[in-house]
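Q: Fold the stuff below for me.
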Amino acid sequence: MLKLDDIDAFVAVVRCESLRDAALTLGLTQPAVTRRLQNLEEALGVELLNRHAKPLRPTPLGKVVHEQCRLIHREMDRLRELVTEEARCEGHLHLGVAQTVADVALVTALYDLKSLYPQVQARVSTGWGGQLLQKLDDGMLDAAIVLMPSTSQFPDAQRAMSLGRLELAVVAKKGLLRKPVASLADCNRHGWVLNPDGCGFRAGLQRALSDQGLQLRVNLETFGTA
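A: Numbers count the residues shown, from 1 in each chain. Presented below is the predicted three-dimensional model:
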């Protein structure tokens, strides 16, 4: 017999990648979380976790079951919203934020979130967009704010909406590029200062240069806009 408490325990373990951290999140002891996992595995007749992996990871079939468990969670949330008109937002929000966005907006956004929803505890991870989307797919994040090309396609399991457009500018020392409008080839002759591999802007630039038969020339790899 499937129990919602057992499903909650499994989802928490996958998100936290740790029995101990999942127990802290759920307010339970570690043996209690282990028993709930065993109950769910016995009810389904499958092994859901690779217990030899560090950190803990779901088995291939466990990933499929986990996605269905997340759907159950969402439906339960909708049901609670239907019966509680003035339900307050509370609990933990696991949010991923692209490093570029975090540099300029994260602190202000967290203050605003705390002001609007004081019962919500935000736990934020920063990183590259592709990494954050993978964590979202693995159930480690509830939502992610990423920078992606406008042509990006998202899996059916992910719901995406555009928050705005970000213009990308090439910056050079004054007088270095003498033409009124320099081409990418002109800029590439001087070399670039870029984020390390994993940055979507860098990947887009590399593709654009490759389409022109040019090889990306990097002078310096560094994080941040400064």
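Q: The residue of the chain most remote from its centre and His190, how far apart?
A: Each residue of the chain has a distance to the centre, and by CA atoms, centre = their mean the biggest one is for Arg178: 41.2 Å. Distance from Arg178 to His190, counting by CB to CB, to the nearest Å: 12 Å. Just so you know, the C-beta spots here come from the backbone N, C-alpha and C atoms, and that holds for glycine as well.
Q: And the pLDDT at Arg88?
A: What the model reports for Arg88 is a pLDDT of 66.
Q: how many neighbours does Leu2 have?
A: 11 (other CB atoms under 10 Å).
Q: circling back: next one: phi and psi at the residue farthest from the centre of the chain?
A: Per-residue torsions, Arg178: phi -80, psi -20 (degrees, to the nearest 10).
Q: which residues touch the most centrally placed residue in the chain?
A: Centroid-nearest residue in the chain, with CA atoms, centre = their mean: Leu132, separated by 2.8 Å. Going by CB atoms under 8 Å, 6 or more residues apart in numbering, Leu132 touches Gly96, Val97, Ala98, Ser125, Leu141, Ala144, Val146.
Q: Report the contact partners of the last one.
A: Each residue near Val146 by CB under 8 Å, 6+ apart is listed here: Gly96, Ala98, Gly129, Leu132, Leu133, Gly200.
Q: Strands of this protein, start to end?
A: Along the chain, the segments classed as strands by DSSP state E run 49-50, 57-58, 91-98, 120-127, 143-145, 192-194, 218-221.
Q: measure Leu2 to Asp77 for me?
A: 18 Å.
Q: residues in contact with Lys179?
A: For Lys179, the contacting residues are Asp186, by CB under 8 Å, 6+ apart.
Q: Check which helices and strands the helix ranked longest in the chain is in contact with.
A: Counting by DSSP state H, the longest helix found in the chain is helix 60-83. Contact here means 3 or more CB pairs under 8 Å, 6 or more residues apart in numbering; DSSP states H and E; on that basis helix 60-83 packs against helix 4-16.
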